[in-house]
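What follows is a predicted protein model with its sequence.
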Amino acid sequence: MITPRFSCSQTDTSVVVSIYCPSVRASDVEINVDETLFSVHISPYFLRLNFSHSILEDDASSAVYDPSTGYLTVTLTKEVPGQVFKDLDLLAKLLAPRPSKEVPSQPVIEVLDSHDVLHDDETDKLVERTQELTLEQQEILEAAENDWQLPQSVPESLPQLQTSAERRYGFLDMHSGYFRHVEHTENEVNELGVDVETCPPEERRLRRLKHEDDKWDEEHYMQARLTSVLPHYRKLSSVLRRADYADDEYIRELIAWPHPHVASADEFQYTEKENLTMLRLPRKEYLATPAQNHQLYLTLLTLLFSYAYETRTTQHDPTPESAWTVATLTPAFSALDPPPYDNDLPAETSPFTEAELAATFAASYRRALAFLLYRSFALAERCRDDVAELLARGKRVVARCLMEVKDILDHHDVYYVYSKIWVDDFCVWTIAYASDEILAELADGVRRLIMKKRMIGWDLEELEALTRGEAGRSSDSDDESEDEIERMIPAPL
């Protein structure tokens, strides 16, 4: 079946669904309404929508097909006139399956019959032996003296049963098998090697941290600092590599660039391309626990940081390197290692603590300073500001950002896999399950967060202090002239 293009609108008394289904016979249309569920079938098209409130198919309802335009317009009556149907522009949420009914907290058991069991000598002996096995005599005596308050302790959770050597990964650990032939692909961001399918989560994190430490270049960082404080180093450094602090002119331009999704004051409306993207998203119901949802919000921070860095450094004009940039910056992609990143923190579900937010952003900062072209702490801070502003604008803007990331990854021959195991599901989850209130709360936490350089773990403050001392000595006794620096620079081809 083909899912047709559609749009929804509403009046005080009805909901109007406009469906594009060209070259069909109107007599073949089948429409069904069941409380909040609306479905229409007209071969080869099938559409099923789940609204937020109940609708009716009564005498006021209608369905009109216009063969000249190919649009079928269905008007359905609201069960409660004047009731506002929210999120009619979030097509992926309308397409999502109807949520499962609440599962009873306790099993429902019906006693059909009962009878007494006669105890014989064998049964009595068995009962005595069982009691001896379950409680020691001293424990029984102590319990009897203490109103039968038996000593108790919280049992340790059992490790997850592994029936296969493969480990799951991706969104809610739903995926596996995508990297079985990774050694035959040109996946330059994979940090887990050929055993990516069998690498346990603890090992993934260790390998990620080691790879970041190996790629961290103190000399390059100090050279970047010298570039900002010594004028005669600028020309040489611009040839070697552009990686400066906020003092660098180009870095200042990147920081000052206004992000269009943040600066725009226009009324929000999805484009036709974005609507088509939502129609192609998977239709799943995610039964995430509160703790898992909490972790998804943290992972969303890393995705938005990668998006903010990529759009800011390319000024919202993706390049062939954009997919590599996004995949490299995101720990959940390159090492299949999503948050939380501080194992010493308790497993919180709400609210978001300053410590866990700092640990989440520290992972993104480390990668921005170790791998990418523009290695600037000030630029990373500006990207964090972008994350806060995007979150504050709600899930519609966040979903738009995720769909742009999806578009970048989908057009890459190798890195499209990260769209399949992460971004597709994140788009659906953001549209159908994320809360604007929680996103606003998260935005406030990110704004208030103060990221200090010592959180990164590479002694950035000490390196900068050494660089300032080197700059002072060089300004007093500089043996190299501008002509000598010119000779060190290769002549242009």
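Received, thanks. Everything numeric in this text was worked out from a predicted model, so none of it was measured.

The residue nearest the centre of the chain: which element?
Taking CA atoms, centre = their mean as the criterion, residue 300 is the residue nearest the geometric centre of the chain, at 3.2 Å. Using DSSP states H and E, residue 300 sits in helix 290-314.

do residue 251 as well
helix 249-256.

Spell out the residue ranges of the helices in the stretch 301-450 of the chain.
For the stretch 301-450 of the chain, the helices defined by DSSP state H, counting those that start in this stretch occupy 322-329, 331-334, 354-370, 377-392, 395-410, 416-418, 424-432, 436-448.

Need those helices in a markdown table (columns: mean pLDDT).
Shown next, in a markdown table, are the helices of the stretch 301-450 of the chain (pLDDT from 0 to 100):
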| stretch | mean pLDDT |
| --- | --- |
| helix 322-329 | 97 |
| helix 331-334 | 97 |
| helix 354-370 | 96 |
| helix 377-392 | 96 |
| helix 395-410 | 97 |
| helix 416-418 | 97 |
| helix 424-432 | 96 |
| helix 436-448 | 96 |
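
Distance-wise, check the closest residue to residue 292 other than its chain neighbours relative to residue 27.
Closest residue to residue 292 apart from its sequence neighbours, by CB to CB, 6 or more residues apart in numbering: residue 172 at 6.2 Å. Every residue, glycine included, has its C-beta placed from N, CA and C. To residue 27, residue 172 is 44 Å away according to CB to CB, to the nearest Å.

of these two, who's got more company?
residue 172 (18 against 7; other CB atoms under 10 Å).

Residue 425 is in contact with that one, correct?
Yes. Contact status for residue 172 versus residue 425: in contact at 7.4 Å, counting by CB atoms under 8 Å.

what touches both of those two?
residue 286 (CB atoms under 8 Å, 6 or more residues apart in numbering).

who wins for proximity to residue 70 among the helices of the stretch 301-450 of the chain?
helix 395-410 (25.6 Å; CB to CB).

before we move on, the earlier item: quick check: mean pLDDT across the helix holding residue 300?
Helix 290-314 comes out with an average pLDDT of 96.

other SSEs contacting that helix?
helix 249-256, helix 322-329, helix 331-334, helix 354-370, helix 377-392, helix 395-410, helix 424-432, helix 436-448 (3 or more CB pairs under 8 Å, 6 or more residues apart in numbering; DSSP states H and E).

counting contacts, what elements does the longest one pack onto?
In terms of contacts (3+ CB pairs under 8 Å, 6+ apart), helix 354-370 is packed against helix 201-215, helix 290-314, helix 322-329, helix 331-334, helix 377-392, helix 436-448.

who's in contact with the first one?
The list of residues contacting helix 201-215 from outside it, by CB under 8 Å, 6+ apart, reads 167, 191-193, 199, 331, 334-337, 341, 366-367, 370-371.

Kindly recompute the last result at 6 Å.
Helix 201-215 is contacted from outside by 191, 192, 331, 335, 336, 337, 366, 370, 371, using CB atoms under 6 Å, 6 or more residues apart in numbering.

For the second one, report the pLDDT, please.
What that stands for is residue 192. 95.

how about it, phi and psi?
phi -100, psi -10 (degrees, to the nearest 10).

For it, give its distance to residue 412.
19 Å.

Who has more neighbours out of the two?
Neighbour count, other CB under 10 Å: between residue 192 and residue 412, residue 192 has more, with 21 against 17.

The more buried one: what's it in contact with?
Here residue 192 is in contact with 199, 207 (criterion: CB under 6 Å, 6+ apart).
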